[in-house]
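Asker: what's the 3D shape of this:
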Amino acid sequence: MTARDEIEQLLAAHSAEVRALARTLEEIVLTAQPDLEEDASLRLKVIYFRHRGGVCALSLHKAHVNLHFYQGTRLADPQGLLQGTSIKLRHLHVARPEDIGRETIVRLVREAYALNA
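Answerer: Alright, predicted model coming up:
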């Protein structure tokens, strides 16, 4: 099974609303950094984006999607949008299309990518 097949299988297991949020976020992430490699974990319900290690990931939930940044504590977050309390990981909680700030996500993805360069 290819990575794309696993991603599609993961998406198919969720509601239309969660699928739409995940596809929009995936498109934004890959537009920001087209050379990111994607794969998925069906067990964990996560889509990974990698470049020399983990850059970011989408975790799919019943009514929302989280966009995780592996080095989130090192990212500029003047608006205080990133959530979480772990040592490094931070995430954006996206429950509705209007929660998606395209420019902010592009900036965060590019900054996270640069940390792995």
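Asker: Quick one: low-confidence residue ranges for the chain.
Answerer: Applying pLDDT under 70 to the chain flags no residue at all.
Asker: just so I have it, where are all the strands in it?
Answerer: For the chain, the strands defined by DSSP state E occupy 37-41, 46-50, 54-60, 65-69, 90-94.
Asker: Can you report how many residues neighbour T104?
Answerer: 15 (other CB atoms under 10 Å). Backbone N, C-alpha and C define where each C-beta goes, glycine included.
Asker: what's near enough to touch it?
Answerer: Q79, L81 (CB atoms under 8 Å, 6 or more residues apart in numbering).
Asker: how much space between it and A32?
Answerer: From T104 across to A32, the span is 11 Å (CB to CB, to the nearest Å).
Asker: where do the helices sit along this structure?
Answerer: For the chain, the helices defined by DSSP state H occupy 3-12, 16-32, 102-115.
Asker: Now these in CSV, please, with extra columns for distance to V65.
Answerer: Converted to CSV, the helices of the chain look like this (distance: least, CB to CB, whole Å):
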stretch, distance to V65
helix 3-12, 10
helix 16-32, 5
helix 102-115, 12
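Asker: And those: which comes nearest K62?
Answerer: Among the helices of the chain, helix 16-32 comes nearest to K62, with 7.4 Å by CB to CB.
Asker: name the helices or strands packed onto the closest one?
Answerer: On a contact count with 3 or more CB pairs under 8 Å, 6 or more residues apart in numbering; DSSP states H and E, helix 16-32 meets helix 3-12, strand 46-50, strand 54-60, strand 65-69, helix 102-115.
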